[in-house]
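Colleague: Give me coordinates for this.
(chains A, B, C and D)
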4 protein chains.
Amino acid sequence: MHAFDPVREDKFTFGLWTVGNPGRDPFGPSVRPTMDPNHIVRRLAELGAYGVNLHDNDLVPFGASASEQSAIVKAFKQTLADTGMVVPMATTNLFSHPIFKDGAFTANDPKVRAFALQKTMRAIDLGAELGAKIYVFWGGREGVEADACRDPRTAWHRMRDAIDFLCGYVRDNNYGMKFALEAKPNEPRGDLYLPTTGHMLHFISTLEHGDMVGVNPEVAHEVMAGLSFAHNVAQAMACDKLFHIDLNGQKIGRYDQDLRFGSEDQKGAFLLVRLLEGTAGGPGYEGPRHFDAHAYRTEDEEGVWAFATGCMRTYKILKARAQAFDADPEVTALIAEQTDRELTPLLTRGYTIQKAAKLKELEIDVDAVASRGLGYERLDQLMVEHLLGVRGG
Amino acid sequence: MHAFDPVREDKFTFGLWTVGNPGRDPFGPSVRPTMDPNHIVRRLAELGAYGVNLHDNDLVPFGASASEQSAIVKAFKQTLADTGMVVPMATTNLFSHPIFKDGAFTANDPKVRAFALQKTMRAIDLGAELGAKIYVFWGGREGVEADACRDPRTAWHRMRDAIDFLCGYVRDNNYGMKFALEAKPNEPRGDLYLPTTGHMLHFISTLEHGDMVGVNPEVAHEVMAGLSFAHNVAQAMACDKLFHIDLNGQKIGRYDQDLRFGSEDQKGAFLLVRLLEGTAGGPGYEGPRHFDAHAYRTEDEEGVWAFATGCMRTYKILKARAQAFDADPEVTALIAEQTDRELTPLLTRGYTIQKAAKLKELEIDVDAVASRGLGYERLDQLMVEHLLGVRGG
Amino acid sequence: MHAFDPVREDKFTFGLWTVGNPGRDPFGPSVRPTMDPNHIVRRLAELGAYGVNLHDNDLVPFGASASEQSAIVKAFKQTLADTGMVVPMATTNLFSHPIFKDGAFTANDPKVRAFALQKTMRAIDLGAELGAKIYVFWGGREGVEADACRDPRTAWHRMRDAIDFLCGYVRDNNYGMKFALEAKPNEPRGDLYLPTTGHMLHFISTLEHGDMVGVNPEVAHEVMAGLSFAHNVAQAMACDKLFHIDLNGQKIGRYDQDLRFGSEDQKGAFLLVRLLEGTAGGPGYEGPRHFDAHAYRTEDEEGVWAFATGCMRTYKILKARAQAFDADPEVTALIAEQTDRELTPLLTRGYTIQKAAKLKELEIDVDAVASRGLGYERLDQLMVEHLLGVRGG
Amino acid sequence: MHAFDPVREDKFTFGLWTVGNPGRDPFGPSVRPTMDPNHIVRRLAELGAYGVNLHDNDLVPFGASASEQSAIVKAFKQTLADTGMVVPMATTNLFSHPIFKDGAFTANDPKVRAFALQKTMRAIDLGAELGAKIYVFWGGREGVEADACRDPRTAWHRMRDAIDFLCGYVRDNNYGMKFALEAKPNEPRGDLYLPTTGHMLHFISTLEHGDMVGVNPEVAHEVMAGLSFAHNVAQAMACDKLFHIDLNGQKIGRYDQDLRFGSEDQKGAFLLVRLLEGTAGGPGYEGPRHFDAHAYRTEDEEGVWAFATGCMRTYKILKARAQAFDADPEVTALIAEQTDRELTPLLTRGYTIQKAAKLKELEIDVDAVASRGLGYERLDQLMVEHLLGVRGG
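Modeller: This next block holds a predicted model:
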């Protein structure tokens, strides 16, 4: 079982806000003391993690003075140096303070939009100082309950203005950062703008500096809407836009649960890890494996570390299962690419009038093709049996 | 109440498959006789509709000979001429025949993919002959239950090859058609590829001839996943990609219901009509208002026409409600764009180093801004009261 | 429009925690000052409400001394007397304090279960002192994420022990109270026990003093799971178990939204009001119309009162719409009970061997019956047109 | 791996309609030939199944003459005798024929209700002849889209009349059968009456002969509404009302998928099997393990048998995992019942005035209790690791 103990090379990261979550929810206050960020870094390093990620206010309280910030950052950098931990990703808290109650970049009040840009520029500076190369944007409250309050197209344009602006800021400062945008369908607002990774990818295609902008899909956010998370990640990967990833667990059609990775929908988690690890042959994902989850409200600090360990162990177990699955000869036989000497050339590398003519003339034995069984029940059962550890590993 | 009776100028259209739906469902066979397409056209014309749309096999049975097709089409064109009805949109049935059980353009068997292209080219020819200027693609079975059967990126590339190819075909034939792609999250497959309008818009941004390709969002499909349909439509409109629209009713998180337009989520229907009609000031939608819905299985033919009339009447009632809402002075006051002489110029028209410097220096009275109430409860209540006919109209 | 202004006779009530909600959510702190309960009562009285309901800790802070409680209660009773407002319902907060992080009556720790009983007995005393005749139990955290932590049957038995015990307490004290149990499917726990009104009604049927126990269904809680709220209420009414009701708005498959009544799913709200008001002929509901909702986080205090007024006005508008609908001759014709001189007696008033014999012999023209259209599209369209204010009223 | 091959003693059963499902869905016709029931029985016997269950029309076509029925039944009984297979459960098809388009027992037309009773009595006779001891009622179309068509309380009373009547019939004929009622929230109707196992259990509590009536919960039906299936089953078991069970797989918030058992939500399937097998100590379930699922539409007959084998194997794997989990000392330590010499007696065996007094006086160190971590993250991670085959087995 030690094979599944996490090590630095696994590139596992946690947000300060994840293991640091004190258990507050809509029906009750904190149940655990707030942990010092330096303590978090040291404990995560001991558990085998690779780094930590943070919102500006996870480290530096809202409204702190420049000198306060400086002292906090200095101590934190020392802790990173002591532990060998890194900060691959940073982000801005644009949702907690009441000023953001109507959103940040899309808020109707220009003062709020201006403040959101100011806060983000400063947070980007902080991220750059800590070495972050990925900067995440999660909209937070960019959304609506009373839909008439603004035309959704206005929200779209405001969001584009903001991201274009901030791309300019990063380029001007030669920070070498990439942006990763994170979608969510609802909560804390009734409907959030740009609700899925698909909407976000389209939005990115309209940006001025779209090349430096990709996505940060989160398991829970796509799953809330009942969408296949693996398909969303694959769409981003197909266009080289998977810049970061948020791993956790969630049930469909529920409040944002942020559960321990792999604790729900084990098959979905397997499909995701298989894709990220590239065990089926396609290119995998090289970036950090970030867990954006938190421990149950029933836990004390010991439970938090059990939670963190569980996230990492389950990822590694699923990686081993995926490798065994894709090495299983029965599986590879069932999913081998079918080629057809005559047809395959007609189906790829673009339209020509000759191909169209040939395809239109083609005689296909429709009933023969239709009656072939595809063996997908067997394939899926093989996957379940690998997942449950009965075959292979 | 005659104000709400449909007329040609309203541009209401129905699919042959919608009013022609015989009531078959997973638990029982047809309950109504299949209607002749010519009869459908004549009855819809009498009810005030503008046109009909069709899949190839709604008009011409699968496997019909060329001469059979020719006779059918001739008679149908005569009926169109007699009634003044048009066919603004056509599409291909790529999902009913068992050959498409693993999808069409993304199927693993190259024979299926070739046949799907062949069938679509022929159906495009048919659509062109009937004068259709919009050609819709609904994936049908482009999806999966046993997810391991193909890499979702492979599906993505196959889909792109197919649409690029068919764009070439339409251009080569000077059909002057545009394509409108329709997303759906699931059903009849466990998970469908390109599950929302957002995913589809992104997909379009990667096509060779993306300028001729837009979307055909359907109320039921976005609502199944619990997404705001108005936001999806707005995202397409913001990029001039709303080429067609499918109107119906649906409850969140249920099987594909295709209910009478406006019979569920009256507020969502109101928001949609308001957007399409442009009553709030932004540009509206000019194309046909297509109802992709069907009558309950409890209905006979008379019930079908009651259903069709209901779709159109409710649209017109909601249009009147939207006009009254956006003419209500209390509403316009609540949603007026806020401008700020100093800030607004900093927030639009792109990044400059000077703007960034100014924004970073800005002193904003955070608490004062945060404590302002926004009046959104009142705004939303005004909308509900307009919707329920208490104000305005 | 004054016809829809609320008056005392409408029996509208609000929880102190509803209009008093300061806007805290999982992603941010309060946005509004906490309001004094006496202020709430006075303002609600001015708006036309009938009463207020409360959790023990809405009025008396957790841990207050006996003398503190006494002073608070005395002042509050004076405010009630001054305004003519009543407290028809009271309940216990068994979910906010961290001691309840694993539930209250079903928690694994006997100390927690004991404390929950103690706190509830004291809160019942408080409710009795304020004149409450309905005592509500909402489980709060009676549920689980790590399902293995206890057998769900153990939770069932513990819950039964607690309610049986507290029935005994109320009877012993001659409080003349009835209990109303409130179900919820999830949030704040992953899965809550007794998740719907149906489960709760069954649970009640197993209690020692089930006659004094009914349900308190809440719109949002049934709708979260996509169930018909009207059907749930009807099942309770069919058995005289609708002891109280919580009115609000909610989208299916989302976090607990507690939106303004009637602001979502206007048709569902109409069906509910129609049932409660008994406009279709059956007996209605006599108790208070309690709004368990809160204002958006975008609102200040003025927005809170706009919210409260909106809840009440929409209820009254829907009541008027329901009355008009059920007085519409076309409607009454469509839904008139069908009787059959031969068959109806066979179908009611119990089994006899003779009836069975007759029914088994019966010749029914299956195809003739099957082909009759039922006119339900027309019926539903009539409902929508009444709802939108086009017909009748 | 042979340890997981099914044998007779496992009591696995399938419906004729499950493995016999030809793949028809709302968007396409059958893809597989209809299989002869005798062939099904023989193949299932070879695969290790224990029995088959059936609707009347799975075996005897709708409208067959008495002599046709007699010949069919005779041959079928011979096949049962030859193979040693049994028919533990039978049921009525009250949903396929168009006569049932508005439901059966709750339909507005008395002729439909009479015909439904007639058809059910005859189907009960058939079930009795085949030896079935459990008779299942799934409502099929007992529900509504146009909710105004009948008062839901009327539906409730009609349903009760029907079940009471049929209880009388079974008693009169000394069939020794029990009834098992099956709930479903929606599909094929917009909303079905008695939508969950909880609603059904309550309904049963109001019946004349409720002792002979229990429930037949189905995984997919509870999961569609996002409810915990294990909790529903547990509520039935707590009252000795689990008379039968339908095993399959389903995603939340989707059309009725009827997937291979264990192919979705492996943790939920584990929790269910653990409960049925009683590995945690409580009494288990003794009846047949019935799979109410069907093969993907991509499959031919070979795929159907792979599907059937997969259902049974996964059940057995999960049973082994559950046994190992509940034998794991770390697990048993974490979930051991906590007793308290002083408190436990106060919390059980009913109310007394003395207990109330003691409980009210009790001094509980609230903060000490609240701060204890409960170890549930560790517990749940242990479950996941057992499930994935890393520990124990």
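
Colleague: what about the nearest residue to A:Leu130 once chain neighbours are set aside, neighbour count?
Modeller: If the residues on either side of it in the chain are set aside, A:Leu130 comes closest to A:Val87, at 4.2 Å by Cβ to Cβ, 6 or more residues apart in numbering or on different chains. Where C-beta positions appear, they are placed from N, C-alpha and C, glycine not excepted. A:Val87 is flanked by 24 other residues according to other Cβ atoms under 10 Å in any protein chain shown.

Colleague: Ok, A:Phe62 next?
Modeller: Neighbour count for A:Phe62, taken as other Cβ under 10 Å: 12.

Colleague: got the phi/psi numbers for it?
Modeller: Note on A:Phe62: its backbone torsions stand at phi -50, psi 130 [degrees, to the nearest 10].

Colleague: who's in contact with it?
Modeller: Applying Cβ atoms under 8 Å, 6 or more residues apart in numbering or on different chains, we find A:Phe62 in contact with A:93, A:96-97.

Colleague: Return the closest of those with respect to chain C.
Modeller: Taking Cβ to the nearest Cβ as the measure, chain C lies nearest A:Ser96 of the contacts of A:Phe62, at 4.5 Å.

Colleague: What about the closest residue in space to that closest one that isn't next to it in sequence, how many residues nearby?
Modeller: Nearest residue to A:Ser96, sequence neighbours excluded (Cβ to Cβ, 6+ apart): C:Gly28, at 4.5 Å. The local packing of C:Gly28 (other Cβ under 10 Å) involves 20 other residues.

Colleague: again with the one 10 residues further on
Modeller: Per other Cβ under 10 Å, the neighbour tally for C:Asn38 reads 17.

Colleague: Could you check the pLDDT of it?
Modeller: Note for C:Asn38: predicted pLDDT of 98.

Colleague: Quick check, it in contact with C:Lys77.
Modeller: No - counting by Cβ atoms under 8 Å, C:Asn38 does not reach C:Lys77; the two are 10.3 Å apart.

Colleague: got a list of what the residue nearest to A:Leu130 touches?
Modeller: A:51-54, A:80, A:127, A:130-132.

Colleague: Narrow those residues to those that are buried.
Modeller: Buried members of the contacts of A:Val87, scored by 16 or more other Cβ atoms under 10 Å in any protein chain shown, are A:51-54, A:80, A:127, A:130, A:132.

Colleague: what's next to the lowest-mean-pLDDT helix or strand in chain A, contact-wise?
Modeller: One helix or strand of chain A scores below all others by mean pLDDT, DSSP states H and E: helix A:344-347, with a mean of 95. Counting contacts by Cβ under 8 Å, 6+ apart, the residues outside helix A:344-347 that touch it are A:355, A:358-359, B:110, B:113-114, B:117, B:158, B:161.

Colleague: what's the most distant pair in those?
Modeller: Using Cβ to Cβ, these span at most 18.3 Å, a distance reached by A:Lys358 and B:Arg158.

Colleague: Any regions of chain A where pLDDT drops low?
Modeller: In the predicted model of chain A, residues A:1, A:392-393 satisfy pLDDT under 70.

Colleague: Leaving out sequence neighbours, find the closest residue to the residue in it that chain D sits nearest to.
Modeller: Chain D sits closest to A:Gly389 of chain A, with a gap of 1.9 Å, by Cβ to the nearest Cβ. In this structure, A:Gly389 finds its nearest non-sequential neighbour in D:Gly389, 1.9 Å apart by Cβ to Cβ, 6+ apart.

Colleague: In this structure that neighbour contacts D:Leu318, no?
Modeller: No - judged on Cβ under 8 Å, D:Gly389 makes no contact with D:Leu318 at a distance of 10.9 Å.

Colleague: Between the two, which contacts overlap?
Modeller: Common neighbours of D:Gly389 and D:Leu318 (criterion: Cβ under 8 Å, 6+ apart): A:Leu388.

Colleague: just checking, A:Arg158 touches A:Asn108?
Modeller: No - at 9.3 Å, A:Arg158 does not count as touching A:Asn108 under the criterion of Cβ under 8 Å.

Colleague: Up against chain C, what does the stretch 51-200 of chain A have?
Modeller: Residues of the stretch 51-200 of chain A found near chain C (Cβ under 8 Å from any Cβ of the partner chain) are A:95-98, A:100-102, A:140-141, A:145-146, A:186-188, A:190.

Colleague: no no, the stretch 251-393 of chain A
Modeller: Selection of the stretch 251-393 of chain A residues close to chain C by Cβ under 8 Å from any Cβ yields A:251-257, A:259, A:296-298.

Colleague: Restricting to those, which residues neighbour chain B?
Modeller: Restricting those to those near chain B by Cβ under 8 Å from any Cβ leaves A:Gly253.

Colleague: Using JSON lines, lay out the residues of the stretch 251-393 of chain A next to chain C together with distance to B:Arg341 and neighbour count.
Modeller: Output for these, formatted as JSON lines (distance: Cβ to Cβ, whole Å; neighbours: other Cβ atoms under 10 Å in any protein chain shown):
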{"residue": "A:Lys251", "distance to B:Arg341": "49", "neighbour count": "22"}
{"residue": "A:Ile252", "distance to B:Arg341": "48", "neighbour count": "23"}
{"residue": "A:Gly253", "distance to B:Arg341": "46", "neighbour count": "27"}
{"residue": "A:Arg254", "distance to B:Arg341": "46", "neighbour count": "24"}
{"residue": "A:Tyr255", "distance to B:Arg341": "42", "neighbour count": "24"}
{"residue": "A:Asp256", "distance to B:Arg341": "39", "neighbour count": "20"}
{"residue": "A:Gln257", "distance to B:Arg341": "45", "neighbour count": "23"}
{"residue": "A:Leu259", "distance to B:Arg341": "48", "neighbour count": "25"}
{"residue": "A:Tyr296", "distance to B:Arg341": "51", "neighbour count": "28"}
{"residue": "A:Arg297", "distance to B:Arg341": "48", "neighbour count": "25"}
{"residue": "A:Thr298", "distance to B:Arg341": "53", "neighbour count": "27"}
